[in-house]
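> kindly return the folded structure for what I paste below:
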Amino acid sequence: MNPFTLGGRILLAIPFFLFGLMHFAFGANMAGMVPAWLPGGVFWVYATGAALVAGAIGMTSGKLGYWAALGLAALMAVFVVTVHLPGLGNPETQQMAMAGALKDLGLAGGALIQAGLFRSQRAGATQAVRGATPHPARG
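Down below sits the predicted model:
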């Protein structure tokens with residue numbers, strides 16, 4: 001594996017993993033970020049933390065890496081829509097909401113790129129098994 005791809009995969013997984021741990025450590029404090037229309041409060045904080053940690057481990061290990069990366073990208077999109085966008089309408093939270101939205105959009109983009117890399121690697125391995133030569137990477 002290309003060392004840049006491996007390094008990028010690990011660097012991308014670090015914030016997901018640490019944010020997941022923070023959900024467990026500070027779950028009660030984060031419960032207020034759960035949209036009021038969603039019952040369960042702190043349960044969703046812990047569930048999200050588990051998804052973040054599992055996704056980071058899956059992406060780093062390569063076990064179900066494609067699905068882990070897609071799941072993390074989808075989770076980030078949900079955060080943007082349900083947590084950050086509502087905050088943009090409040091002048092008191094607007095700056096933090098924008099920073100959070102941009103951070104999560106960037107993480108979603110990185111996760112989608114990683115999913116694409118997993119898919120390309122899987123396709124290349126499938127072609128190699130069949131005896132075909134995989135296409136070189138296109139820029």
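
> which residue is nearest the centroid of this protein?
The chain has residue 72 as the residue nearest its centroid, 2.9 Å off, counting by CA atoms, centre = their mean.

> from what I can see that residue touches residue 104, true?
No - in this structure, residue 72 is not within contact of residue 104 by CB atoms under 8 Å, at 10.2 Å. C-beta here means a position set from N, CA and C on the backbone, and glycine is covered the same way.

> so what's the residue nearest to the centre of the chain up against?
16, 51-52, 55-56, 59, 107-108, 111 (CB atoms under 8 Å, 6 or more residues apart in numbering).

> now those residues in JSON lines, please, with extra columns for pLDDT.
Output for the contacts of residue 72, formatted as JSON lines (pLDDT from 0 to 100):
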{"residue": "16", "pLDDT": "97"}
{"residue": "51", "pLDDT": "97"}
{"residue": "52", "pLDDT": "98"}
{"residue": "55", "pLDDT": "97"}
{"residue": "56", "pLDDT": "97"}
{"residue": "59", "pLDDT": "94"}
{"residue": "107", "pLDDT": "97"}
{"residue": "108", "pLDDT": "98"}
{"residue": "111", "pLDDT": "97"}
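
> scan the residues you listed and report the most crowded one.
Counting neighbours by other CB atoms under 10 Å, residue 59 comes out on top of the contacts of residue 72 with 29 neighbours.

> what secondary structure does that one sit in?
For residue 59, the assignment made with DSSP: H, G, I helix; E, B strand; the rest coil gives helix.

> in CSV, list the contacts of residue 72 along with secondary structure and distance to residue 31.
Listed next are the contacts of residue 72 as CSV, based on DSSP: H, G, I helix; E, B strand; the rest coil; distance: CB to CB, whole Å:
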residue, secondary structure, distance to residue 31
16, helix, 20
51, helix, 16
52, helix, 16
55, helix, 21
56, helix, 22
59, helix, 27
107, helix, 22
108, helix, 23
111, helix, 25
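
> thank you, goodbye.
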